[in-house]
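S.K.: build me a model from this:
(one chain, ligands or ions: 2)
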Amino acid sequence: MVRKLDKEQLISKAVEAARKAYAPYSNFHVGAALITKSGKIYLGANIENSSYGLTICAERTAAFRAVLEGEKEFDAIAIVSDSEDFTPPCGACRQVLSELCGKDLSVIMNNKKGEIKEMTLEELLPFSFDKENLE
Ligand SMILES: O=c1ccn([C@H]2C[C@H](O)[C@@H](CO)O2)c(=O)[nH]1
Ligand SMILES: [Zn+2]
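M.R.: Ligands and ions are numbered 1, 2, ... in the order given. Model prediction:
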């Protein structure tokens with residue numbers, strides 16, 4: 001559980017990230033801020049492509065940046081977008097975050113009314129397929 005002030009700070013970082021989105025096709029800007037257990041924050045934004053299926057979401061760009069820096073222990077990810085409503089991570093991002101950031105990761109979302117919703121990845125992706133299923 002992330003403290004309210006920390007949640008708001010992480011959301012502000014995600015808003016900063018959303019400004020970097022490359023979204024000329026959907027015009028839907030998404031930002032993510034992923035914080036490690038040691039307090040380091042990695043930002044991500046969606047990056048689209050004229051071959052639409054090659055688009056990558058904000059959540060995965062943040063996670064991949066962190067992994068490339070050797071990070072293994074994560075606390076929370078905040079996700080913001082142009083939507084009035086909460087922006088939950090898509091199914092592909094749930095799967096990737098589950099493997100790279102762990103099922104206890106807190107997913108923090110906000111809406112334009114200023115409400116905050118926090119759920120764990122376990123709640124967002126129950127009974128997931130993971131590396132143990134390959135054993
Ligand atoms: O949680 C989400 C949902 C959507 N998108 C991106 C993908 C695409 O660029 C645009 C519209 O789906 O938003 C994200 O980055 N994260
Ligand atoms: Zn996604």
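
S.K.: which residues in this protein form strands?
M.R.: Counting by DSSP state E, the segments of the chain that form strands are 30-36, 41-45, 74-81, 106-110, 116-120.

S.K.: for residue 4, which of the ones you listed is the nearest?
M.R.: Smallest distance to residue 4 across the strands of the chain (Cβ to Cβ): 7.6 Å, for strand 116-120. C-betas here are computed from N, CA, C, even on glycine.

S.K.: just to check, residue 35 is in contact with residue 9?
M.R.: No - contact between residue 35 and residue 9 fails when scored by Cβ atoms under 8 Å: they sit 9.1 Å apart.

S.K.: what about those two, which has more around it?
M.R.: residue 35 (24 against 15; other Cβ atoms under 10 Å).

S.K.: how far does the helix or strand of the chain with the lowest mean pLDDT sit from the chain's center?
M.R.: The weakest-scoring helix or strand in the chain, judged by mean pLDDT, DSSP states H and E, is helix 4-18 (a mean of 94). In this view, helix 4-18 has its centroid 12 Å away from the chain centroid, taken as Cα atoms, centre = their mean, to the nearest Å.

S.K.: for the residue most central in space within the chain, what are its contacts?
M.R.: The residue lying closest to the centre of the chain (Cα atoms, centre = their mean) is residue 59, at 3.4 Å. Residue 59 sits next to 30, 32, 34, 44, 77, 79, 89-90, 93, 96-97 when contact means Cβ atoms under 8 Å, 6 or more residues apart in numbering.

S.K.: near ligand 1, list only the ones from the residues you listed.
M.R.: Applying Cβ under 6 Å from any ligand atom, the subset of the contacts of residue 59 adjacent to ligand 1 comprises 30, 79, 89-90.

S.K.: neighbour-wise, which one of the contacts of residue 59 leads?
M.R.: Ranking the contacts of residue 59 using other Cβ under 10 Å puts residue 32 first, with 33 neighbours.
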